[in-house]
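*Asks:* predicted structure and sequence below. I'll ask about it afterward.
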Amino acid sequence: MKVPHTKRALRFVNLTAAIVVTVGILYLAFFGAGPLPALGPAFNPLTGAWTMAADAQVHSETLDIAGLRQPVTVIFERDGTAHIVAQTDDDLFVAIGYVQARFRLFQMDLLRRQGEGRLSEVVGKAALDSDRFELQLGLLRTAQQEWDNGLGGFGLTRRESAALVDFSRGVNDRIAEAESNHTLDVMFTLLGYQPRPWTPVDSLVVKGDMTQTLNFTDTPLVMALLNKSLGTDLTTEWFPIQAPNAQSPYDPGPYPRSAPVTPICIGGALCPTAAVSDGEAAAASDVLQRLAALPPGLVATGGDSNNWAVAGSRSASGGALMAGDPHLHLTLPSIWFQMTMDSPGYHASGVSIPGTPVVLIGHNQHVSWSLTDAQNQQTFYYLEHEDKSHPGQYEWQGSWRAYDSVGYDIPVKGGATQHLTVKLSVHGPVITQRGQTTSVWWAGNLPSQDLEVLLGLDQASDWQQFRDALRGWYSPTHNFVYADDKGNIGMISAGYYPQVPAQARPWLPMPGTGEADVTGTIPYDLIPQVYDPPSGIVWSANQRQVTDSYPYYIGTTSNFFDPGYRADEIHRVLTPPAPACPALNASTCGPKFTAGDMMALQTDTRDYLASEIVPVLIQSLSVEQLSPREATALDLLKGWDYHMDVSSAAATLWWTFWQSYLSETFDPWWKSRHVPVSRTESGEFTATTQLDDALSQDLEAWTLGDPVNRAFSAPGAGERNAMDVMRKAFHTTVANLGKQLGSDPRSWTWGRVHQRELENLAQISGLSYGPAPDRGDAFTPLAAPDFPSTHGPSWRMVVDWGTGTFSGVYPGGQSENPASAWYTDRVQTWWDGLYSPMLTAGEAATAGGTVTWTLR
Amino acid sequence: MDPALNSPRIPGLRRESAGAPGRLLRGLGLVALVVAGPAIVGLVVGGWWVPFALGLLIGVLAARARVAIPLGAAIGLLAWGVPLLIDQLRYGIGPAAGSLSAILGLGRAGAYSGALTLTVGLLLGLAGAWLGSAARSVVVASLARVDGKRSG
């Protein structure tokens, strides 16, 4: 029978259509498209993303872990806090690696990829700038040097190496297990890659990430541009070494004088500085623009952490009290993983950074500690002297040297592999060759034994051991607060304080020809520190730790030292009223503090700067003709208790006023002098230094003590004083808020404008928490800078050695799996200012709702 | 004569007879369930494409596209849907579904990711069966033409 042509044609059309549709479906299934992952493997209900449902179930079981010598017990509290009980120290670290990777493997992989310049390999060219920068800066080179017993004999100790090897083994046990039973984190599945084995170098890089976030700065570049535009006189006056406002240094001296000393000029101002050349300015602009294009968090932009301790003599329980809340980028999952290390050599409890095998903040049986960033300058820029007659070389100490170089291949997902060559001078990596070849010296690039230090802290039993352990700590410089079971307290700002010769100007890019090279660090015994002070309290909140009589250079106000308002508030609360305790020796008088008082202070929303400035503002408005709306606003300020609470309209008025006051004072200068560095974090391009912190100190000091400072008489503004500018700022504030929030000032509550958000680490907004109205601001002990605020107390811990109670909480949960009950289960507790008890392994074992693993 | 009548068949899949649609559906359902088993086994070892391959096979073997294509789609749907159903019964997949939707930028409604997953399974089975069936009809017709020329 003959088949009609049309029917035959239809068959071919049908086949063609089937082929086209099939190819389309299979393409999507194999490769995905746009934001869609490869649909086949990603959505396979048995091995793809859906396995997160099964992975979220944690139950008691026995697990076979390669490499363990003895069985290890892991007890999980109801909230996932892990108590790891091992019979040998080696097994402890294997188990820590396994447990961290079980709950945070994707986070760990991201952290190492960030530091090793390998993000592009999994997310594509969007991460190429970040990868190039990281490889240029050199976290990976430093970690490899540390592991290879590299430069200067600063190799790792045997204990450190063993811990890292064991930890890596545990992580790799988990990777192998997850690959075999298809329980890798959902993000691996959706991004379509599998984690490579973990190595000790990876852990060292993760530690380097934190160092970079907290200590790598661009301030000398910013200062160079300020010098070039604002002029040396104003830059010197507005960004001095010593803050013009009265801060609360925890180490008031007296200080021994000792060489080498970088001089601080009279009054804490910067020493006279030569003009910045066009080439230097171009180099600074180039680097700043590149830094501004990087993802947030790669450059230190400020500090917002608190810690303090109260001696046993001043506590209700008779034992020392300690509180610590490091303020970091708040992410889901959190940067912290809570655990207890329990083995023959270690009995430490607290929080660790996933990817590292130690408790970074916590306590053991005898001592407790927490840390804040010390903020001193650890980054220096050097202008390399080059000459056309010596191509590829730079002059150093009178001779010409060839740059070293190292090459990297950067795999890019969906693109060609990129090659990067990094040039190295004696100072460090060349960071730009535009305008003026500039290299960077950064303390974070010094091979160190920081993990050994942390292991030492975990084992310390008194101040001497604690302080001795910290002797080897380099970077980032931290204010380590200390309290022990004998009622003692202390604080030491451990780390490297690089010093340069007296004629050098470290707050600017310096000549690279040798005369301004780093010569050493402040001797350990002379760095800021106190132990059992007569006042019975120690405290830090990123403020400058010392007074202007301290003989060493540690950085300028623009080097992101905090303005000091949190430190002032903490000091105010912890210092008894003057009539009761006229002398420093306050240990026998004043209030007796409790752990509850420490918790209340950690969630204190009182704005110290507001308490100083608002009365002056009210006074300045006493002679001003006000509109009814302005009069209402003024009444709100008059009745305000300076707390930045969600329901407070005065809080909104205050914050908006302060920003307006800063703008009225400084913007005319910025405009008239064409300053290319943004005063805040937005503008022509983003300066990663928060200049407003330094300018806030100036404005505070002038308002309270120098109201006719020339800064108020800005170009084009005529002759003005502080009162004039305050009044104008107040009018602007009320007008602007009226436009934004309506006509009734009583409805301008802080919660309407100020929110907080816990951001998903992979920037998936649907997996973030918030934004939701929240209290606090950048100056309150309960820090909540920015709008919405994504930084803040990443971990709150309070210790009462008298009652033997330890409490802590962090926003988030132990698991990175968004389907897990442990993804956000701690958020509300944290948000409400509440705490969870930090149990011992024994207490956890008898608590209800626990899950126990036996690893063997 | 319809060349399809000379083609090999899947046992149990006969041409539908008038008045027995219920029996046909039951038969198809039974076959789908039976074939979905191996498909699920394939998924367990990472073979997400197994429903496509089985659909292709059914398309090649089944005499009629109107039987093969729904059958392939049903196998894909069952292979991808039954494991989700089991997970739902064991511990609930609501949080996972919501998270997956969020990751895909679809909000927190888990129904979207669930529907997307089932659609992927369904399309894989359907596409395999359609392709197999279309290829079969062309090949069988070509063979019939050749036979016709020889005999003619």
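*Replies:* Ah, there it is.

*Asks:* only C-alpha atoms for contact and neighbour calcs from this point on.
*Replies:* Will do.

*Asks:* mind checking the longest helix of chain B?
*Replies:* Looking across chain B with DSSP state H, the single longest helix is helix B:110-151.

*Asks:* any stretches of chain A with poor pLDDT?
*Replies:* Residues of chain A meeting the criterion pLDDT under 70: A:1-4, A:149-155, A:258-275, A:293-303, A:576-590, A:680-690.

*Asks:* give me that answer again for 50
*Replies:* By pLDDT under 50, the weakly predicted segments of chain A are A:150-153, A:261-268, A:270, A:272, A:583-584, A:682-689.

*Asks:* same question for chain B.
*Replies:* In chain B (pLDDT under 50), the answer is B:1-14, B:16, B:18.

*Asks:* just give me the residue closest to the centre of it.
*Replies:* B:Gly72 (1.5 Å; CA atoms, centre = their mean).

*Asks:* so that one sits against B:Ala53, correct?
*Replies:* No. B:Gly72 is beyond contact range of B:Ala53, at 9.5 Å (criterion: CA atoms under 8 Å).

*Asks:* now do the shared contacts for those two.
*Replies:* Listed as contacting both B:Gly72 and B:Ala53 by CA atoms under 8 Å, 6 or more residues apart in numbering or on different chains are B:125, B:128.

*Asks:* who's in contact with A:Leu737?
*Replies:* Contacts of A:Leu737 by CA under 8 Å, 6+ apart are A:Trp748.

*Asks:* okay, it and A:Ser672: tell me how far apart.
*Replies:* Distance, A:Leu737 to A:Ser672, by CA to CA, to the nearest Å: 27 Å.

*Asks:* re earlier: and the gap between the residue nearest to the centre of chain B and chain A?
*Replies:* 13 Å (CA to the nearest CA, to the nearest Å).

*Asks:* now A:Glu77: how far from chain B?
*Replies:* Going from A:Glu77 to chain B by CA to the nearest CA gives 20 Å.

*Asks:* could you do A:Asp786 as well?
*Replies:* When A:Asp786 is compared with chain B (using CA to the nearest CA), they lie 25 Å apart.

*Asks:* next, that residue: phi, psi?
*Replies:* Here is the backbone geometry of A:Asp786 (degrees, to the nearest 10): phi 70, psi 170.

*Asks:* which residues are in contact with it?
*Replies:* Counting by CA under 8 Å, 6+ apart, A:Asp786 has contacts A:777-778.

*Asks:* now do A:Thr417
*Replies:* A:Thr417 makes contact with A:409-411, according to CA under 8 Å, 6+ apart.

*Asks:* and the strand or helix carrying the residue nearest to the centre of chain B, what's buried?
*Replies:* Taking DSSP states H and E as the definition, B:Gly72 sits inside helix B:65-91. Within helix B:65-91, the residues scored as buried using 16 or more other CA atoms under 10 Å in any protein chain shown are B:65, B:67-84, B:87.

*Asks:* who does that helix touch, helix- and strand-wise?
*Replies:* Using 3 or more CA pairs under 8 Å, 6 or more residues apart in numbering or on different chains; DSSP states H and E, the elements in contact with helix B:65-91 are helix A:51-55, helix B:21-44, helix B:50-61, helix B:110-151.

*Asks:* including distance to A:Lys207 and mean neighbour count, could those go into CSV?
*Replies:* CSV is the format used below for the helices and strands packed on helix B:65-91 (distance: least, CA to CA, whole Å; neighbours: other CA atoms under 10 Å in any protein chain shown):
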stretch, distance to A:Lys207, mean neighbour count
helix A:51-55, 28, 23
helix B:21-44, 38, 17
helix B:50-61, 44, 26
helix B:110-151, 37, 21
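
*Asks:* of all these, which one is nearest A:Glu719?
*Replies:* Minimum separation from A:Glu719 across the helices and strands packed on helix B:65-91 (CA to CA) falls at helix B:110-151, 63.4 Å.

*Asks:* the inter-axis angle of that closest one versus helix B:65-91?
*Replies:* Counting by axes from the mean of the first three to the mean of the last three CA atoms, to 10 degrees, helix B:110-151 lies at 150 degrees to helix B:65-91.

*Asks:* now the angle from helix B:110-151 to helix B:50-61?
*Replies:* 30 degrees.

*Asks:* what lies in contact with the following helix or strand past the helix holding B:Gly72?
*Replies:* Under the assignment DSSP H and E, the closest C-terminal helix or strand after helix B:65-91 is helix B:94-103. Helix B:94-103 is contacted by residues A:49-50, A:52-53, A:764-767, A:818-820, B:88, B:107-114 when judged by CA under 8 Å, 6+ apart.

*Asks:* please redo it, this time with the cut-off set to 7 Å
*Replies:* A:50, A:52-53, A:764, A:766-767, A:818-819, B:107-110, B:112-114 (CA atoms under 7 Å, 6 or more residues apart in numbering or on different chains).

*Asks:* so that helix versus helix B:110-151, what angle?
*Replies:* Interaxial angle, helix B:94-103 versus helix B:110-151 (the same axes, to 10 degrees): 80 degrees.

*Asks:* chain center to helix B:94-103: distance?
*Replies:* 26 Å (CA atoms, centre = their mean, to the nearest Å).

*Asks:* ditto for stretch A:777-791
*Replies:* That offset, for stretch A:777-791, works out to 13 Å (CA atoms, centre = their mean).

*Asks:* pull it out as CSV, backbone CA atoms only.
*Replies:* The C-alpha coordinates for stretch A:777-791 follow below in CSV (Å, rounded to 0.1, in the frame of the first residue of the first chain):
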residue,chain,number,x,y,z
ASP,A,777,22.7,52.1,65.8
ALA,A,778,26.3,52.3,65.0
PHE,A,779,27.2,54.0,68.3
THR,A,780,25.2,51.8,70.7
PRO,A,781,26.7,48.8,72.5
LEU,A,782,24.0,46.8,70.7
ALA,A,783,25.5,47.8,67.4
ALA,A,784,23.3,48.0,64.4
PRO,A,785,25.0,50.2,61.8
ASP,A,786,23.7,50.7,58.3
PHE,A,787,20.2,50.6,56.7
PRO,A,788,19.3,47.8,56.8
SER,A,789,21.9,46.7,59.3
THR,A,790,23.7,43.5,58.3
HIS,A,791,26.5,43.8,60.9
